[in-house]
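*Asks:* Sequence and computational prediction follow.
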Amino acid sequence: MFELQLLLSILTLSFTSQSYSSTSQLSILHHPKPNPLSISVIDFGAAGDGVKYDTVPIQKAINACSATVSKHRRQCHVIFPPRKYLTATIFLKSGVVLDIHKKATILGGAKLEDYPKDQSRWYVVLAEDAADVGITGGGEINGQGLKFVQRFDEKKNVMVSWNHTGACLGDECRPRLVGFIGCRNIKVSDVRLIEPAYWCLHLVRSDNTTIRDVTIYGNFNSPNNDGIDVEDSNNTVITRCNINTGDDAICPKSSTGPVYNLTVTDCWIRTKSSAIKLGSASFYTFRNFLFDNITIVESHRGLALQIRDGGNASDMTFSNINMSTRYYHPSWWGRAEPIYVTTCPRDASSKAGSISNLLFVNITATSENGIFLSGSGGGVLSNLKFINMNLTYKRWTKFPDGLVDYRPGCQQLVNHQTAGFMMEHIDGIVVENVVMKWSNDQSMRWNNPLDFRPSTVNNISLLNFYSRSYQQ
Ligand SMILES: *[C@@H]1O[C@H](CO)[C@@H](O)[C@H](O)[C@H]1NC(C)=O
Ligand SMILES: *[C@@H]1O[C@H](CO)[C@@H](O)[C@H](O)[C@H]1NC(C)=O
Ligand SMILES: *[C@@H]1O[C@H](CO)[C@@H](O)[C@H](O)[C@H]1NC(C)=O
Ligand SMILES: *[C@@H]1O[C@H](CO)[C@@H](O)[C@H](O)[C@H]1NC(C)=O
Ligand SMILES: *[C@@H]1O[C@H](CO)[C@@H](O)[C@H](O)[C@H]1NC(C)=O
Ligand SMILES: *[C@@H]1O[C@H](CO)[C@@H](O)[C@H](O)[C@H]1NC(C)=O
Ligand SMILES: *[C@@H]1O[C@H](CO)[C@@H](O)[C@H](O)[C@H]1NC(C)=O
Ligand SMILES: *[C@@H]1O[C@H](CO)[C@@H](O)[C@H](O)[C@H]1NC(C)=O
Ligand SMILES: *[C@@H]1O[C@H](CO)[C@@H](O)[C@H](O)[C@H]1NC(C)=O
Ligand SMILES: *[C@@H]1O[C@H](CO)[C@@H](O)[C@H](O)[C@H]1NC(C)=O
């Protein structure tokens, strides 16, 4: 029955693609952009019961779809009707868009044998060296991340590790959810990416990507379930996204090449780590980034540039951002800083990178800790502008303060009194139209607006800067 159905599907498909090619001349004459062809995974034998693996039918549908793509028909949709599809890694091919319908879910397998041998290819959905690819349709891809929690812990969950295989070391040894490696012209829109076991949406050495109307949800207490990691990739636009997850929400990294032209707008973020985090892999250039109209809620850190490996970050605007940042358990990096900028080298063998030309404008923050700006002897921060900011400092959790956090590596955690702006190794800082308010909490006895490390900060301009305490 199954064989017959599959055979019929293939016949139907070849008929469809033949009838397409016989009319393609006409299409070119009359319809320069024909509607994309659609192929349903059900026609290829997918059970969609969430129990039986549908890997083979899904992959056959993708391969057949990709085969219909040509110079004149750049895309083909693989349709997932409303069901649950359990699968091992599926490989997205050039020209294919996964069209996961509303109420349809692709479920990633939770077994080691569901993933390829090479750990760098452990994803539920993976596109490699492909062009004109996408994911859309209103449905869901779910990594079943909760199955990877070995022990639930409010502080930080302990996760399963597949490190015994030797595929990877340490405790970061689990599959990611969706990956694009060496791809171009990617569009991910109108899809929910839920419970990744590890990183969620990962761009690697890719170019020209749009991520729009994407919802990302991961367990708040699970480590490493980053939202979107933009690694060694250029020309990325992220807009209208909603990210609620344990680890860094939007995280550009440079490991083997630079990251140019990243635009993030109109997003809502909550994370137990950094909402925006550059690094920590930071071996090459980060340049020309814009972050605009972003709401950050109850996160451990707001806007962070954590350059540890000799790369240079420059020409970035952070505008129209509202946020609240608070303390969580110190096993997570972050100390409630709304803004965190550092070039402190990772260790003695690391080069010092530089950070220059940053503009922070129209920022409202309510935070349990201040802004941290820490260049290093070999890597000063230069030309930083803070314009139109309302900063409110108050405490609402019981976690202890009085520490600055240089992790990973560098000086680790260091005792230091909370400051409104903590500054070291900076050349050129402008603070303009900035109002800083301190909750008048007697037990705290804090109100240290500007804290300069002597002789390391040069060329300072303060214009319309106010700092005062207020009655809570
Ligand atoms: C493997 O992962 C476990 C769990 O995270 C960890 O305790 C252990 O140290 C790791 N072992 C190796 C060899 O990395
Ligand atoms: C970028 O990708 C989109 C598809 O997402 C495509 O329409 C556009 O032509 C591409 N731009 C370039 C410059 O290739
Ligand atoms: C990004 O642009 C830089 C500078 O042009 C280039 O060196 C790098 O190869 C590009 N990366 C990709 C993935 O295209
Ligand atoms: C970055 O964007 C600018 C302006 O659109 C463009 O000229 C430049 O080529 C882009 N850089 C890369 C590496 O693609
Ligand atoms: C800001 O982003 C929100 C979505 O988070 C959107 O509703 C709103 O229209 C955007 N505002 C502007 C001025 O674009
Ligand atoms: C930030 O708050 C202000 C004042 O409440 C509001 O006008 C603005 O739209 C908010 N911006 C964002 C990005 O939420
Ligand atoms: C960073 O800039 C410095 C100074 O211009 C330069 O020497 C260094 O090579 C740059 N680093 C990288 C990774 O491009
Ligand atoms: C800061 O607060 C003042 C007074 O309430 C308001 O006029 C201004 O627009 C606010 N600025 C920002 C960036 O929210
Ligand atoms: C900052 O806010 C002001 C007042 O709301 C607005 O006129 C200005 O365009 C904003 N600046 C940027 C860079 O968005
Ligand atoms: C001082 O800093 C400002 C702002 O960063 C910059 O525009 C100016 O060129 C600097 N002046 C000198 C003398 O370095």
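*Replies:* Looks like it arrived, so ask away. Ligands and ions are numbered 1, 2, ... in the order given.
*Asks:* Could I get the pLDDT score of the residue in the stretch 201-350 of the chain that ligand 6 sits nearest to?
*Replies:* Across the stretch 201-350 of the chain, the shortest distance to ligand 6 (C-beta to the nearest ligand atom) belongs to residue 322, at 3.7 Å. Any C-beta I mention is one placed from the backbone N, CA and C, and that applies to glycine too. Residue 322 carries a pLDDT score of 98 in this model.
*Asks:* tell me which parts of the stretch 301-450 of the chain are close to ligand 10?
*Replies:* By the rule C-beta under 6 Å from any ligand atom, the part of the stretch 301-450 of the chain lying against ligand 10 is 383, 428, 430.
*Asks:* who touches the residue of the stretch 201-350 of the chain closest to ligand 6 in this structure?
*Replies:* Residues counted as contacts of residue 322 (C-beta atoms under 8 Å, 6 or more residues apart in numbering) are 294, 295, 296, 363, 364, 365.
*Asks:* Is there a neighbour count for the last one? I'd like the number.
*Replies:* Taking other C-beta atoms under 10 Å as the neighbour definition, residue 365 ends up with a count of 23.
*Asks:* distance between the helix or strand hosting it and the chain's centre?
*Replies:* Using DSSP states H and E, the secondary-structure element containing residue 365 is strand 354-367. Its chain's average C-alpha position is 19 Å from that of strand 354-367, according to C-alpha atoms, centre = their mean, to the nearest Å.
*Asks:* Could you point out the bridge partners of the residue in the chain positioned nearest to ligand 7 in the sheet?
*Replies:* Sorted by distance to ligand 7 under C-beta to the nearest ligand atom, the residues of the chain start with residue 312, at 3.8 Å. Partner residues in beta bridges with residue 312: residue 354, with DSSP bridges as the criterion.
*Asks:* my guess is it meets residue 357, correct?
*Replies:* No. Assessed by C-beta atoms under 8 Å, residue 312 is found out of contact with residue 357, at 10.6 Å.
*Asks:* all strands for the stretch 201-350 of the chain, in order.
*Replies:* Assigned by DSSP state E, counting those that start in this stretch, the stretch 201-350 of the chain shows strands spanning 201-204, 207-217, 228-231, 234-239, 242-245, 250-253, 259-271, 274-278, 286-299, 301-306, 312-325, 339-342.
*Asks:* what's the closest residue to ligand 1 within the stretch 301-450 of the chain in contact with, if anything?
*Replies:* With distances taken as C-beta to the nearest ligand atom, the stretch 301-450 of the chain approaches ligand 1 most closely at residue 331, which sits 13.2 Å away. Residues near residue 331 by C-beta under 8 Å, 6+ apart: 155, 156.
*Asks:* Now it: phi and psi?
*Replies:* Here is the backbone geometry of residue 331 (degrees, to the nearest 10): phi -70, psi -10.
*Asks:* how much space between it and residue 400?
*Replies:* 14 Å (C-beta to C-beta, to the nearest Å).
*Asks:* next one: residue 107
*Replies:* The value you get for residue 107 to residue 400, if C-beta to C-beta is used, is 41 Å.
*Asks:* Pull up the residues of the protein that are close to ligand 8.
*Replies:* 362, 364, 388, 390.
*Asks:* which among these end up buried?
*Replies:* Using 16 or more other C-beta atoms under 10 Å as the burial test, the residues of the chain next to ligand 8 include 362, 364, 388 as buried.
*Asks:* Looks like the first one contacts residue 318 (just checking).
*Replies:* No. Counting by C-beta under 8 Å, no contact exists between residue 362 and residue 318, whose distance comes to 9.1 Å.
*Asks:* Would you verify that residue 113 is located in a helix?
*Replies:* Yes. Secondary structure of residue 113, determined by DSSP: H, G, I helix; E, B strand; the rest coil: located in a helix.
*Asks:* show me the contacts for it.
*Replies:* residue 88.
*Asks:* what do you get for residue 209?
*Replies:* With contacts taken as C-beta under 8 Å, 6+ apart, residue 209 has the following neighbours: 180, 183, 186, 187, 188, 203, 233, 235, 236, 237.
*Asks:* any idea which element the residue nearest to it when sequence neighbours are not counted lies in?
*Replies:* In this structure, residue 209 finds its nearest non-sequential neighbour in residue 186, 4.2 Å apart by C-beta to C-beta, 6 or more residues apart in numbering. Taking DSSP H and E as the criterion, residue 186 maps to strand 184-194.
*Asks:* by how many degrees do that strand and strand 207-217 diverge?
*Replies:* Computed by axes from the mean of the first three to the mean of the last three C-alpha atoms, to 10 degrees, the angle separating strand 184-194 from strand 207-217 equals 0 degrees.
*Asks:* what would the strands of the stretch 201-350 of the chain look like in a markdown table with distance to ligand 5?
*Replies:* As requested, those are exported to a markdown table (distance: least, C-beta to the nearest ligand atom, whole Å):
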| stretch | distance to ligand 5 |
| --- | --- |
| strand 201-204 | 18 |
| strand 207-217 | 10 |
| strand 228-231 | 15 |
| strand 234-239 | 9 |
| strand 242-245 | 8 |
| strand 250-253 | 14 |
| strand 259-271 | 3 |
| strand 274-278 | 13 |
| strand 286-299 | 4 |
| strand 301-306 | 16 |
| strand 312-325 | 7 |
| strand 339-342 | 20 |
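*Asks:* Thank you kindly, that will do.
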